[in-house]
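Peer 1: A structural model of the following input is requested.
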Amino acid sequence: MNTDMPPADATSLWGLLTLRAAATGDAVAVIDESDWRLTFAELVSAAERVAAGLLARGVEPGATVSWQLPTRIDTIVLSLALSRLGAVQNPIIPLYRAREVGAMIEQCGSRWLIMLPEFRGFDHGAMADELRGASDGRLELLILGDELPEADPTALPAAPLGNDEVRWIYTTSGTTSAPKGVCHTDSTLIAGGVALADAIGARPDDVGTILFPYAHIGGPDLLITSLTSGMSLLLMEVYEPVAAVELMRRNAVTITGGSTPHYALLLDEQRKTPGTPVVPTLRMLTGGGAPMPEKLFRDVLDEVGVPVLHAYGMTESPMIASARMSDTVEQLATTTGRPVLGCEVQIRSEDDDVLAPGAEGRVWLRGPMLFKHYITDGGIARPFDADGWMFTGDTGRLEPSGHLVLVGREKDLIIRKGESISPVEIEEVLASHPQVAEVAVVGLPDDRAGERICAVLVLRDGTPGIGVGEIRDHCRDAGLSPVKFPEDVVIVPEIPKTPTLKIRKQSLRQSVIEQRAASATA
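Peer 2: The predicted structure follows:
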């Protein structure tokens, strides 16, 4: 990793920012679509003023603040201002609606909710008012205008030091419909971002991108990579491939990506001008969140002319393994790379025996980027063994070279465009439809999204058929986020179950895949 940052033990996000500003304060930190730029020094100054403005509005150190904002410079400034105050942040992706946002606020015990009045045609302000009413007045709202609140920063209390206190609560889908709060400290997030900077070899002259929601855990992951290495970050609040390519060309981007769909969409743009680099300054793609088909990697390498350094992480541990430029083409194409700096990975049997290289089993991890605990059902859960290891829910093997190959998943989750989605939550909504007798939601393989959401239904006797449009309308009426709407509907006479009446999800999923394959070749 190339960095000109002076040696220091930066264990808080604010401390890391001020160290970067001291080292390369005049360097550009962030750039947006309108070419608005802030240097690292300007980022410090802006965040301090906003921190003072938030304090004047009543946001106190230690308060839990949920925010639902798009990928903008103001969002990064606001998040850094909350870090300066020592608030606890609960970032929420803008696509989530009242059902999910309300559950997150309740799970986190949030005191504040910050959002825009409107974004992409949706009335977030009205939703905020609805959520405040449901909280019996406990929830305070801050609906942002054209400018962030600012005040004289001289009245700010001392900046918080890095410690073991939870400062971030991300929410993730579990095996129930209720979200789990994934609790991180500044230190755990910093460990992940430093590991990413090390794995991809980020440099001060790099220009990276955040083309996905900054509220995703990958947002601060890349921000910390920037603060560690000194590279700039280009932001785009709504990803659109043609506009993204033009923006990346204009700003001489060297590192881009996000997840498998970003790779595929960039490849589509490259194919419009074969032989001419779509973004001439690119030196790599990087990302994670969903499996990467080997063919997609090889097509990107052959046609775009740069490698994909695909990584493996999760909300609980933003970095686990990553490809590196030193890997062979075969390793880049067929593995998720080696464990990142500070992370340990074991493959264990169902009896918890550590398996030898080459053997398939359950993927366990341990490291400084691992979260502290879950908040679930009003309590705290720590899914670690006595030595601090956690089972990821995935199955895989370690090659003799140390590279990790993922082969499956034991958790009943759908991974769509890098997001973990609980089938149970969707099943609960669909079960309330008057025509549905039984429902199971499964993920089907999809080259672009990783997986697509399929609702398998048994209809009540005497009811007419039901299409995907009606199912999606029902989900919308129930307040479910559009990212969770089923994309396929399959009607079956019965859903396979175990003797204890548990749905055989894997068997059902495979049956639907085979049925679709047979129909395609008929």
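Peer 1: the helices in the stretch 251-400 of the chain, which residues?
Peer 2: 260-270, 294-299, 329-334 (DSSP state H, counting those that start in this stretch).
Peer 1: buried deepest among these, which one?
Peer 2: Ranked by mean neighbour count, these are led by helix 260-270 with a mean of 21 (mean count of other CB atoms under 10 Å). Yep, even glycine has a C-beta here, placed from its N, CA and C like the rest.
Peer 1: tell me what that helix is packed against?
Peer 2: helix 241-250, strand 255-258, strand 284-287, helix 294-299 (3 or more CB pairs under 8 Å, 6 or more residues apart in numbering; DSSP states H and E).
Peer 1: tell me what angle it forms with helix 241-250.
Peer 2: Angle of helix 260-270 versus helix 241-250, following axes from the mean of the first three to the mean of the last three CA atoms, to 10 degrees, is 80 degrees.
Peer 1: which residues does helix 260-270 contact?
Peer 2: Outside helix 260-270, the residues that touch it by CB atoms under 8 Å, 6 or more residues apart in numbering are 211-212, 239, 241-242, 244-245, 256-257, 277-279, 285, 287, 289-293, 296-297, 299-300, 303-304, 308, 417-418, 447-450.
Peer 1: and this protein, what are its domain boundaries?
Peer 2: 13-152, 188-345, 422-521 (automatic domain parsing).
Peer 1: so which of those domains is nearest Gly402?
Peer 2: domain 188-345 (4.7 Å; CB to CB).
Peer 1: please report how far Ile426 lies from Arg271.
Peer 2: Computed as CB to CB, to the nearest Å, the Ile426 to Arg271 distance reads 34 Å.
Peer 1: look at the two and report which has more neighbours.
Peer 2: Ile426 (25 against 12; other CB atoms under 10 Å).
Peer 1: the more buried one falls within a helix, correct?
Peer 2: Yes: assessed with DSSP: H, G, I helix; E, B strand; the rest coil, Ile426 lies in a helix.
Peer 1: what sits closest to it if chain neighbours are left out?
Peer 2: Distances taken as CB to CB, 6 or more residues apart in numbering place Val441 nearest to Ile426, at 4.6 Å, with adjacent residues excluded.
Peer 1: and what of Val238?
Peer 2: Per CB to CB, 6+ apart, closest to Val238 is Arg120, 6.8 Å.
Peer 1: contact partners for Asp299?
Peer 2: Leu267.
Peer 1: how about Arg283, what does it touch?
Peer 2: Contacts for Arg283 (CB under 8 Å, 6+ apart) come out as 254-255, 306.
Peer 1: top of those residues by neighbour count?
Peer 2: Of the contacts of Arg283, with other CB under 10 Å as the count, Ile255 tops at 25 neighbours.
Peer 1: got the residue ranges for the helices in the stretch 51-200 of the chain?
Peer 2: 73-85, 98-108, 124-134, 186-200.
Peer 1: rank the ones you listed by pLDDT, which is bottom?
Peer 2: In terms of average pLDDT, helix 98-108 trails the rest of the helices of the stretch 51-200 of the chain, at a mean of 93.
Peer 1: so which elements touch that one?
Peer 2: strand 64-68, strand 88-91, helix 124-134, strand 168-172, strand 180-184, strand 373-376.
Peer 1: run a quick neighbour tally on the residue nearest to Gln435 when sequence neighbours are not counted.
Peer 2: Sequence neighbours aside, Thr463 is the residue nearest to Gln435 in space, at 4.3 Å (criterion: CB to CB, 6+ apart). Neighbours of Thr463 under the rule other CB under 10 Å: 12.
Peer 1: Thr463 and Glu470 touch, don't they?
Peer 2: No: using CB atoms under 8 Å, Thr463 makes no contact with Glu470, being 11.5 Å away.
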